[in-house]
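Enquirer: coords please:
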Amino acid sequence: MPCALLSACGGQTPAEKAAADARAVAEVEAAQKRKPPIQPLELGVIDPTVRRVFNLSDNGCGFFTDPNPGAFPLAVIGSDKAVFQLNGEPAILASDSGSPLIAAGIRAKYVGRQQSAQIARGPDRLTIRDSFERIVYQATGILRCTEPAR
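Expert: Numbers count the residues shown, from 1 in each chain. You can find the predicted model right below:
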């Protein structure tokens with residue numbers, strides 16, 4: 001009778017089956033914890049065309065790494081969203097209403113599906129993180145802000 005029981009279980013004892021199941025679960029959990037390599041991120045300027053497409057006003061702030069007055073910003077930041085040009089594609093991040101206000105009604109943190117951005121003052125800095133909270137872009141620059149007309 002023991003042989004009939006073993007053949008019904010595929011030749012494994014209950015202890016062997018439990019050990020195999022535990023190994024399989026451990027392999028799946030290890031695979032889920034692995035992070036892909038950091039993807040390079042190139043930040044482009046927000047030119048007037050992008051401003052028009054996303055209906056961005058002149059209110060809020062722009063983040064510049066080029067100190068020249070005619071330079072285009074790398075980010076346009078408003079009270080409800082921030083727009084970036086990431087790897088040639090526009091990306092919109094929503095303001096994190098739980099983060100502190102830092103200037104002209106803008107927040108310190110903006111979040112999206114694949115990235116989050118943090119803006120700091122003194123010195124002005126922009127940090128972008130991937131979905132695993134790893135820094136993929138960081139620069140110091142100038143945050144130029146305009147208050148909405150009243």
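
Enquirer: from E29, how far out is the nearest residue in space to R113 that is not next to it in sequence?
Expert: Residue nearest to R113 in three dimensions, not counting chain neighbours: S131, with 7.5 Å by C-beta to C-beta, 6 or more residues apart in numbering. (Each C-beta comes from the backbone N, C-alpha and C, glycine too.) Using C-beta to C-beta, to the nearest Å, one obtains 19 Å as the distance from S131 to E29.

Enquirer: mind checking how far A91 is from I102?
Expert: From A91 to I102 the distance is 20 Å (C-beta to C-beta).

Enquirer: next up, the contacts around the residue nearest to R113.
Expert: 113-115 (C-beta atoms under 8 Å, 6 or more residues apart in numbering).

Enquirer: show me where this protein has strands.
Expert: In the chain, the strands defined using DSSP state E lie at 43-44, 60-64, 75-77, 81-86, 89-95, 101-103, 106-107, 109-111, 115-120, 125-130, 135-140, 142-146.

Enquirer: among the contacts of S131, which ones are buried?
Expert: Q115 (16 or more other C-beta atoms under 10 Å).

Enquirer: make CSV from the contacts of S131 and add distance to I46 and pLDDT to it.
Expert: Listed next are the contacts of S131 as CSV, based on distance: C-beta to C-beta, whole Å; pLDDT from 0 to 100:
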residue, distance to I46, pLDDT
R113, 20, 91
Q114, 18, 91
Q115, 15, 93
